[in-house]
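Enquirer: My questions are about this predicted structure, shown below with the sequence.
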Amino acid sequence: MTDEQEPDYRFTLANERTYLAYLRTSLACYAGGLSAVQFLDLGPARWPARIIGVVLVTAGIVTTAGAFRRWQLNLTAMRTGASLPVTRLPLMLGATIATVGLIALLLSLWR
């Protein structure tokens with residue numbers, strides 16, 4: 001016998017919407033990273049664009065994996081009546097995107 005119970009469907013759907021929002025964010029990171037590598041013109045040296053691209057695509061991969069894990073943990077917590085787990089995913093995303101933006105700004109001014 002299990003002590004899991006079906007949560008209110010509104011909470012389940014809200015959890016899914018949050019998961020999908022993280023997936024959209026990861027897709028934006030993938031697109032931004034690939035665009036940086038393809039289109040960012042920072043002179044003859046291509047390494048800054050490649051670094052920005054790798055960081056953004058890596059952030060997308062981490063976001064995709066973290067979003068799925070967060071969705072699972074939230075669903076389990078709702079079914080068992082436990083507290084929702086704490087996540088650092090928004091902090092990681094915000095810090096990464098802010099850092100990449102600052103680097104891109106500095107590189108464009110430095111050029």
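Expert: That came through fine. Numbers count the residues shown, from 1 in each chain.
Enquirer: C-alpha from now on. contacts and neighbour counts both.
Expert: Fine.
Enquirer: Pretty sure residue 83 sits against residue 75.
Expert: No. Using CA atoms under 8 Å, residue 83 is not in contact with residue 75; the gap is 10.8 Å.
Enquirer: Those two - which one has more neighbours?
Expert: Taking neighbours as other CA atoms under 10 Å, residue 83 and residue 75 compare with residue 75 leading, 19 against 10.
Enquirer: Helix, strand, or coil at the more buried one?
Expert: helix (DSSP: H, G, I helix; E, B strand; the rest coil).
Enquirer: quick one, what contacts the residue nearest the centre of the chain?
Expert: Note on the chain: the residue nearest the mean C-alpha position is residue 63, at 3.2 Å, using CA atoms, centre = their mean. If a contact means CA atoms under 8 Å, 6 or more residues apart in numbering, then residue 63 has 22, 23, 25, 26, 89, 93 as its contacts.
Enquirer: what does residue 35 give?
Expert: Taking CA under 8 Å, 6+ apart as the test, what residue 35 contacts is residue 53.
Enquirer: Neighbour count and distance to residue 105 for the contacts of residue 63 - can I get that in a markdown table?
Expert: As requested, the contacts of residue 63 are exported to a markdown table (neighbours: other CA atoms under 10 Å; distance: CA to CA, whole Å):
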| residue | neighbour count | distance to residue 105 |
| --- | --- | --- |
| 22 | 23 | 25 |
| 23 | 20 | 26 |
| 25 | 17 | 21 |
| 26 | 24 | 22 |
| 89 | 15 | 24 |
| 93 | 20 | 18 |
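Enquirer: Filter those residues down to the ones in helices?
Expert: 22, 23, 25, 26, 89, 93 (DSSP state H).
Enquirer: for the closest residue to residue 54 other than its chain neighbours, phi and psi?
Expert: Closest residue to residue 54 apart from its sequence neighbours, by CA to CA, 6 or more residues apart in numbering: residue 33 at 6.4 Å. The phi and psi values for residue 33, taken as degrees, to the nearest 10, are phi -70, psi -50.
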